[in-house]
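>>> From the sequence below, what's the structure:
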Amino acid sequence: MNLSKTPVVCVCLLFLAAIPAYCQHGDISINIAATSDKFGDLARTTAAEAILDGQVAAYHAKDKEHGPTIMIGGEVRYPFDTTNHATEFAVFGGPMFHFTSDFTLGVHAQFRETLLPSSIISGVEFNRYNMRLFELPLVAEYKFGRDKRAFVQALAIPEFTPHFKNPSSGPPPYPHPNFDHGYTLRAVAGYKFGKFFAKAMYETRYFKFEPTYPNPDGLYNWRTDVVSGGVGVTF
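Next up, the predicted model:
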């Protein structure tokens, strides 16, 4: 994959690299995950995955109890087995509203690029289109415990029709499939130790495409489950 030809990748990597140097209110973390993927009726596969993510407050409301904080961030997901699992890059931004000092709720605009793996079907390689996604994550966060050091976060994303792009390995054998529906659900729990924090995450995601000619045997239908743990720093 040529990263210089992938705008989402470049923006995401530059953003994550710049966070510690130029921002004052944000966090960055590195996580080790187990990702489990299933395409259509093919056997489920599991592999380790590295996740780098970060976010920063681009704007703080003068009155935090009534005005939003504008957050921007990014994420890189790189599986150790790229032949069976997707590599992903994302950038996002949006408001978080402070209903109390403990509870915030917001919505983000997110662009995600997903590089889907190929599959071997009866000895023949089946190339899938890569997907570029526009998403609107709904995010809720609650802080509790001593000095509000513990936190939980819930995220829900209704998936919209992807924009399809040919993979670098070659054009797929069929036109792109017709999208039916999809969703992403994520739960995060963590604890802060001064400037540092630890967190755990579980995510499930599902894409379903219409069972027509461009989606033979449901090979584009994709279910992925991710469990991760990691450490990070706030600044």
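
>>> and the residue nearest to residue 90 when sequence neighbours are not counted, what element?
The shortest distance from residue 90 to any non-neighbouring residue, by Cβ to Cβ, 6 or more residues apart in numbering, is to residue 112 (4.1 Å). No exception for glycine: its C-beta is placed from N, CA and C like everyone else's. For residue 112, the enclosing helix or strand under DSSP states H and E is strand 109-115.

>>> and that strand, which residues are buried?
Buried residues in strand 109-115, counted by 16 or more other Cβ atoms under 10 Å: 110-115.

>>> Please apply the same query to stretch 58-78.
Judged by neighbour count (16+ other Cβ under 10 Å), stretch 58-78 contains these buried residues: 61, 68-77.

>>> Just the ones of these in strands?
Judged by DSSP state E, the subset of the buried residues of stretch 58-78 located in strands is 68-77.

>>> Most widely separated two among the residues you listed?
By the measure Cβ to Cβ, these have their two most distant members at 68 and 77, which lie 27.5 Å apart.

>>> picking up where we left off before, closest to residue 85 out of the buried residues of stretch 58-78?
When the buried residues of stretch 58-78 are compared for distance to residue 85, the smallest value, 9.0 Å, is given by residue 77; criterion: Cβ to Cβ.

>>> what's near enough to touch the closest one?
Contact criterion Cβ atoms under 8 Å, 6 or more residues apart in numbering gives 33, 35, 49-51, 86-89 as the residues in contact with residue 77.
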